[in-house]
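Asker: Here is my input; please provide its structure:
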Amino acid sequence: MKTENAWVGARVVDSLPYSNSGIDLDAGRLKAAGADAVAGYLGAMTKSRLGWLLDAGLAYVPVTFAGEYMDGAGDELFQLGGLGIPVGTTVFLDLEGKKAFDTEPGLLANQVNAWATAIEAARYIPGLYVGSPQPFTETELWKLGVRRYWQGQGATRDRFGKLAEPTGCGWCMRQMFPSVSYGGVLVDHNMVGQDYKGRLPTWVVS
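Answerer: All right, here's what the predicted structure looks like:
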């Protein structure tokens, strides 16, 4: 395995069904349906499922389950090591949901930053999936210690109901609406693009 930059226009599908119970045939079907990469959930993805993706010619993007910012990055680093994910890969933290929205923004920022610091210290690139609901304003998003931002489905709004995009860089990946079936596998469809600083997400390839 090695790490490389994604490319503008690449199609990344994130799939909890594949992460939880995908088989080799599913990986081939996703590739045949037009996917370029799969974002799979740390803690559910196995070495076998990762291997099937890579063997099918797909790239892999690691992402956490929601709420994993609350206890540091120890579990994610354990999972990354177990999967053999090379350094330099972008690892996305899933930030969304009522618990995140109801957390005091300063405390939430400290938790996200502690996670990002640990990920970066291990020589991965910390990224943030910004779902809904989430409390941060556009300025607060930009000040977080992450290096890439992935926009979730629909409009991203802050705790005041205003649209929120990280002001200094924008998004490197955007999730489309609604969820769809690709090759018989339920997925969310995402498109890669450079952010305003010219940065792309990095992913794992064979």
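
Asker: Does V61 touch V12 like I think?
Answerer: Yes. Using Cβ atoms under 8 Å, V61 is in contact with V12, at 5.9 Å. Where you see a C-beta, it was placed from the backbone N, CA and C, and this is true even at glycine.

Asker: which residues do these two both contact?
Answerer: Taking Cβ atoms under 8 Å, 6 or more residues apart in numbering as the criterion, V61 and V12 both touch A6, A37, V38, A39, W203.

Asker: So which of those residues are in helices?
Answerer: In helices, judged by DSSP state H, none of the shared contacts of V61 and V12 are found.

Asker: Which pair of the residues you listed spans the longest distance?
Answerer: A6 and V38 (12.2 Å; Cβ to Cβ).

Asker: ok, the shared contacts of V61 and V12 vs K47, which is closest?
Answerer: The nearest one, if we look at those relative to K47 and count by Cβ to Cβ, is V38, at 14.5 Å.

Asker: what sits up against the helix ranked longest in the chain?
Answerer: Under DSSP H, the helix in the chain containing the largest number of residues is helix 105-121. With contact meaning Cβ under 8 Å, 6+ apart, helix 105-121 is reached by 68-70, 72-74, 76-77, 91, 93, 95, 100, 103, 125-126, 128, 135-136, 140, 143-147, 159.

Asker: other SSEs contacting the following helix or strand past that helix?
Answerer: Next helix or strand after helix 105-121 toward the C-terminus (DSSP states H and E): strand 125-130. Applying 3 or more Cβ pairs under 8 Å, 6 or more residues apart in numbering; DSSP states H and E, we find strand 125-130 packed against strand 90-95, helix 105-121, strand 148-151.

Asker: Surely Y18 is within a strand?
Answerer: No. Using DSSP: H, G, I helix; E, B strand; the rest coil, the assignment for Y18 is helix, not a strand.

Asker: who touches it in this structure?
Answerer: So Y18 contacts D26, A27, L30, V38, G40, R49, V185, V187 (Cβ under 8 Å, 6+ apart).

Asker: Then V205?
Answerer: V205 touches M1, K2, T3, E4, L54, A59, Y60, counting by Cβ under 8 Å, 6+ apart.

Asker: how far does the longest strand belonging to the chain sit from the chain's center?
Answerer: Secondary structure assigned by DSSP state E gives strand 185-192 as the longest strand of the chain. Remark: strand 185-192 is offset 12 Å from the chain centroid, using Cα atoms, centre = their mean, to the nearest Å.

Asker: ok, and what's touching that strand?
Answerer: 6-18, 22, 26, 29-30, 35, 39, 150, 153, 172-176, 179-182, 200-201.

Asker: Run a quick neighbour tally on N113.
Answerer: N113: 16 surrounding residues under other Cβ atoms under 10 Å.

Asker: If any of the contacts of helix 105-121 are buried, give me the PyMOL selection for them.
Answerer: In PyMOL syntax, the buried subset of those is picked out as below (16 or more other Cβ atoms under 10 Å):
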select buried, resi 68+69+73+76+77+91+93+95+100+103+125+126+128+135+136+140+144+145+146+147
